[in-house]
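Novice: everything below, folded, please.
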Amino acid sequence: MRRVLGLATGLVLASTALVPAASAAPVPAAAGAGRAGAACRTDAGKCGRDPLIAIAVKVRATPAARPGGKVTYVIDYSQTWTPSFAPYWGALWVGGRFPKGARGPVRAALHDTSGRRLAVLPCRRYADGVWCDAHGPMPHQGRIVMSARLPATAKGTVTARLGFDSFESLNEAEYARHHGRKKLREKFCEFRFTKTAATRVRTE
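Specialist: A predicted model of the protein is given here:
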């Protein structure tokens, strides 16, 4: 069942809330993450604005792998937000597009900045990629680790484009409904923060 994230300025509203860093100062939404306004896809929402929460991501992958081999992806992220977004209710998903023909992942691991594992996130394939439900406590900064297996026919350099989807702006009632990804895309503003990582396919 989908659980979404609720925040208020500097205060935790629910156990699934993002935890802001006490010393973090708001920075422009584009810093390190790119402008995300064009990523809004819903017909119902009016998203002619920057996201209320922006997510800077850095993505790296196993540098080289054989055809059919496993590639591990690491997403380091940091969230920034506007100073006056309360009350805020939103939903986060992590993942994206993996190399063509790749299998997985079925789960991703969430770590804090010290490397301690906080949660395992379930993942599913959707029309726009493989996305993992980022439920539970979500730190302001952290790391997501996930793996995919390349197809046996892979060759050359294969790329993945990974990061976060953030859905805004739910209200408390919508938050309580625990919408799935399909419903979130239909009803709310979607902002996407992704970067590309490449892996060379070894044939020797």
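Novice: can you give me the strands for this protein?
Specialist: Counting by DSSP state E, one finds strands in the chain at the ranges 5-8, 11-12, 18-19, 53-61, 64-65, 70-81, 88-97, 107-111, 117-126, 129-133, 138-139, 141-149, 157-170, 189-201.
Novice: can you tell me the average pLDDT over the first one?
Specialist: So the one you mean is strand 5-8. For strand 5-8, the mean per-residue pLDDT is 37.
Novice: what's the neighbour count on residue 141?
Specialist: Residue 141: 14 surrounding residues under other C-beta atoms under 10 Å. Placement of C-beta: from N, CA and C, glycine included.
Novice: no wait, residue 155
Specialist: When neighbours are defined as other C-beta under 10 Å, residue 155 has 12 of them.
Novice: so the closest residue to it other than its chain neighbours bridges to which residues?
Specialist: For residue 155, ignoring the flanking residues on the chain, the nearest one in space by C-beta to C-beta, 6 or more residues apart in numbering is residue 201 at 5.3 Å. Using DSSP bridges, the bridge partners assigned to residue 201 are residue 65.
Novice: residue 201 touches residue 153, doesn't it?
Specialist: No. When contacts are counted by C-beta atoms under 8 Å, residue 201 is not listed as touching residue 153 (9.7 Å).
Novice: tell me which residue lies nearest the centroid of the chain.
Specialist: For the chain, residue 164 is the residue whose C-alpha lies nearest the centre (C-alpha atoms, centre = their mean; 2.1 Å).
Novice: and it, what does it touch?
Specialist: By C-beta atoms under 8 Å, 6 or more residues apart in numbering, residue 164 lies in contact with 55, 57, 77, 92, 93, 94, 134, 192, 193, 194.
Novice: give me the lowest-pLDDT entry from the residues you listed.
Specialist: Ranked by pLDDT, the contacts of residue 164 bottom out at residue 134, which scores 85.
Novice: hmm, back to that, need the overlap of contacts for residue 201 and residue 153.
Specialist: Common contacts of residue 201 and residue 153, defined by C-beta under 8 Å, 6+ apart, comprise residue 67.
Novice: what about those two, which has more around it?
Specialist: Remark: of residue 201 and residue 153, residue 201 carries more neighbours, 20 against 10, as counted by other C-beta under 10 Å.
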